[in-house]
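Asker: Pasting a predicted model and its sequence here:
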Amino acid sequence: MTFRLTLTASVSALLLAACSPDAGRTTEPAEPTPAPVETPSPTEAEVVPTQEAPASSEPVLTANGYGPLTIGMTREAVVEAVGGPANANAASEPFACEIFHPSNAPEGLYVLLQEDKLASVYLTKGATIETAEGLKVGDPAEAVMTAYGDKVVKTPSKYLEAPAAYLTIWQSGNTSADWVDDQDARGIRFSTGTDETIEQITGGGPAIQLVEGCS
């Protein structure tokens, strides 16, 4: 009888366990902890590339002219491009030789016309225009030698004492003679003063050799 009571107690215990809400439930594995997401610091944020400053688009003086002015163009074309004489009383000899500052041209820029055609463009005091090599009125004469080297033909100034000089660089045409007559020749001349700074820059044909207006 004792054995039977013990068995009944055991069965009762099993039945109670089976009726328990947690009976048969398996333990689910814990979900993995997600890896921390690295938040970029302000210094790691996307960097917007800086834009380089655009290259200067300002015209420069060359052996062929300046901006809209091309050596050999007619007087009419010059006036259309940069205006007529700013000073209506400017001394000149129309058609034979004429020099004037165009009304719409930058300060310090003058044109020289021979036989009604543009022969040279030159820069004087007050001009801020540069050459293709970055030279301008007021720069030291040595800068010309540095920029052009052995291409420079140096001749003494006709009116000023040394070290004033003319520094001429021919770029095309027959330029072997002391005085160049080839109308296809093109060059640029730097006139320097006794203080060895650039006083005038002239670009164009044989007319760049003129040292006193039209002569």
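Answerer: Received the coordinates, thanks.

Asker: quick one: residue 172 and residue 96, what's the gap?
Answerer: 26 Å (C-beta to C-beta, to the nearest Å). (Glycine included, C-beta is placed from N, CA and C.)

Asker: nope, residue 171 is what I meant
Answerer: From residue 171 to residue 96 the distance is 27 Å (C-beta to C-beta).

Asker: more crowded one of the two?
Answerer: Higher neighbour count among residue 171 and residue 96: residue 171, with 14 against 11, using other C-beta atoms under 10 Å.

Asker: Sketch out the low-pLDDT regions of the protein for me.
Answerer: 1-56, 88-95 (pLDDT under 70).

Asker: show me where it has helices.
Answerer: 2-19, 75-82, 141-148 (DSSP state H).

Asker: Distance from the chain centre to the last one, please.
Answerer: By that I understand helix 141-148. Offset of helix 141-148 from its chain centre (C-alpha atoms, centre = their mean, to the nearest Å): 20 Å.

Asker: What residues sit buried inside it?
Answerer: Neighbour-count burial for helix 141-148, counted by 16 or more other C-beta atoms under 10 Å, picks out 141, 143, 144, 147, 148.

Asker: would CSV of those residues with distance to residue 196 be doable?
Answerer: Below are those laid out as CSV (distance: C-beta to C-beta, whole Å):
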residue, distance to residue 196
141, 5
143, 10
144, 10
147, 15
148, 16
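
Asker: tell me which of the residues you listed is nearest to residue 157?
Answerer: The closest of the buried residues of helix 141-148 to residue 157 turns out to be residue 141 (C-beta to C-beta; 11.3 Å).

Asker: And that closest one, how far from residue 192?
Answerer: Distance from residue 141 to residue 192, by C-beta to C-beta: 4 Å.

Asker: what is in contact with these two at once?
Answerer: Both residue 141 and residue 192 are contacted by 163, 165, 167, 198, under the criterion C-beta atoms under 8 Å, 6 or more residues apart in numbering.

Asker: Same list (the residues you listed) but as CSV, adding neighbour count and distance to residue 101.
Answerer: CSV is the format used below for the shared contacts of residue 141 and residue 192 (neighbours: other C-beta atoms under 10 Å; distance: C-beta to C-beta, whole Å):
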residue, neighbour count, distance to residue 101
163, 14, 29
165, 20, 26
167, 20, 24
198, 21, 19
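
Asker: For the residues you listed, work out which two are farthest apart.
Answerer: Among the shared contacts of residue 141 and residue 192, 163 and 198 lie farthest apart (C-beta to C-beta), at 12.7 Å.
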